[in-house]
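> generate coordinates for the sequence data below:
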Amino acid sequence: DDDDDSINNESSSYVAAAGFLMNEPGSNSQNWHRDGPKEGFIDCFVPLIDLNESVGPTAIQPGTHRTTCSVVGDNNDDEGGNVLVPLLNKGDVLLFDYRTIHRGLGNVSESTTQTLAYAVYRRKEESSTNDVGDVHNFP
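Below is the predicted model of the structure:
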């Protein structure tokens with residue numbers, strides 16, 4: 001089949017953005033947000049240290065990529081809703097839809113900087129540009 005990506009040696013996705021996020025001691029939690037509004041993007045987070053509650057892991061609201069509500073802003077209430085806080089080990093991978101509402105929690109540790117590598121994967125057919133539509137969540 002001429003349309004088989006493995007035969008044509010073409011990829012149906014590519015890395016649209018990549019880098020590192022650092023969460024330093026004393027940081028505040030981010031506002032709840034989506035990284036962008038577009039379908040077809042996947043966030044990939046890989047912590048470079050073992051995560052625990054004190055170093056500011058990422059909290060996610062599963063299923064919110066299917067909702068049409070706008071970004072939820074500075075709601076600091078992590079209780080009572082459908083919130084997951086995966087405590088990943090160094091090298092584990094967290095994948096979630098780019099539209100999923102999430103936030104980095106504050107780092108309340110005394111001296112541990114939490115660092116993670118991230119990449120945003122995108123389906124090739126979405127666009128020929130690298131504009132991932134990030135809503136710029138970092139000050």
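
> find the residue at the geometric middle of the chain.
D43 (4.5 Å; C-alpha atoms, centre = their mean).

> which residues of the protein score low on pLDDT?
1-11, 70-81, 125-139 (pLDDT under 70).

> now the nearest residue to G56 once chain neighbours are set aside: how far from V15?
Among residues not flanking G56 along the chain, N107 sits closest, at 3.7 Å (C-beta to C-beta, 6 or more residues apart in numbering). Bear in mind the C-beta positions are built from the backbone N, C-alpha and C, glycine included. As for N107, its distance to V15 is 27 Å (criterion: C-beta to C-beta, to the nearest Å).

> likewise T58?
Distance from T58 to V15, by C-beta to C-beta: 19 Å.

> ok, back up a step: N107 and V15: who's more crowded?
N107 (21 against 12; other C-beta atoms under 10 Å).

> what about that one, which SS state?
Three-state call for N107 (DSSP: H, G, I helix; E, B strand; the rest coil): coil.

> which ones are touching it?
23-27, 54-56, 113-114 (C-beta atoms under 8 Å, 6 or more residues apart in numbering).

> equivalent analysis for L94, please.
43-46, 58, 86, 88.

> need those residues in JSON lines (columns: distance to P37).
Converted to JSON lines, the contacts of L94 look like this (distance: C-beta to C-beta, whole Å):
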{"residue": "D43", "distance to P37": "14"}
{"residue": "C44", "distance to P37": "19"}
{"residue": "F45", "distance to P37": "20"}
{"residue": "V46", "distance to P37": "24"}
{"residue": "T58", "distance to P37": "19"}
{"residue": "P86", "distance to P37": "24"}
{"residue": "L88", "distance to P37": "26"}
